[in-house]
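1. Predicted model and sequence follow; I will ask about them next.
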Amino acid sequence: MAPDPQVNPADAAVAKNERRRNLRFPLVAMIEVVDIKSQAKVTGRTNDLGLGGCYVDTLSPFPIGASVKLVIERDGKTFSAEGKVVYSQHGMGMGIAFTAATRGDIRLFQNWILELSGKGTLEPDLAAPPQALDAEAGPNPAVHDVVRELILILMRKNLLGDPEGKELLRRLQQ
């Protein structure tokens, strides 16, 4: 069978390699993404949001592997994080995996996920001071605890199946 002339082989290879590991929720919100190396900035809109990252609709996506800073605005609140481009399709958009965020941003993100799933929000944690959580600085027990807590919440609320949740918890222990 001959290849489809409408499909760019490079785009097909990228699509084949994209493997989502986390449940995604539809979220349309404005997003600004800055390439850390070049300081180039693109704006667009999110298409979906999940525990590991988001998809950005933009005509000028950054290349795979680019380290970025991003800001998502929703309902007057902003979520800021660092990330890495893991999927890029020229003229379409890019997938970004989150790599670092502050505790306050992680808390806001958790609330968004719970709201998008229709399961409410977390109670405010006034004792948790904003503190940078940098994935590149090595293992951080605070990030580990937050991710573990979020996985357990999603499992309790039946938003994440037991096999997937247990696999994520197992990988978190590595």
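-> Looks like it arrived, so ask away. Numbering: from 1, shown residues only.
2. Please give me every residue in contact with the spatially most central residue of the chain.
-> Centroid-nearest residue in the chain, with CA atoms, centre = their mean: residue 53, separated by 1.1 Å. The contact partners of residue 53, by CB atoms under 8 Å, 6 or more residues apart in numbering, come to 22, 83, 86, 95, 96, 97, 98. Backbone N, C-alpha and C define where each C-beta goes, glycine included.
3. Show the buried residues in those.
-> Neighbour-count burial (16 or more other CB atoms under 10 Å) applied to the contacts of residue 53 gives 22, 83, 86, 95, 96, 97, 98.
4. what about the last one, distance to residue 106?
-> Separation of residue 98 from residue 106 (CB to CB, to the nearest Å): 9 Å.
5. Next, count neighbours for residue 66.
-> By other CB atoms under 10 Å, 20 other residues sit near residue 66.
6. what does residue 153 give?
-> 17.
7. and if you look at residue 149?
-> Neighbours of residue 149 using other CB under 10 Å come to 12.
8. where's it, which helix or strand?
-> Assigned by DSSP states H and E, residue 149 belongs to helix 141-156.
9. Tell me the helix or strand right after that helix.
-> helix 162-173.
10. list the contacts for residue 147?
-> So residue 147 contacts 51, 172 (CB under 8 Å, 6+ apart).
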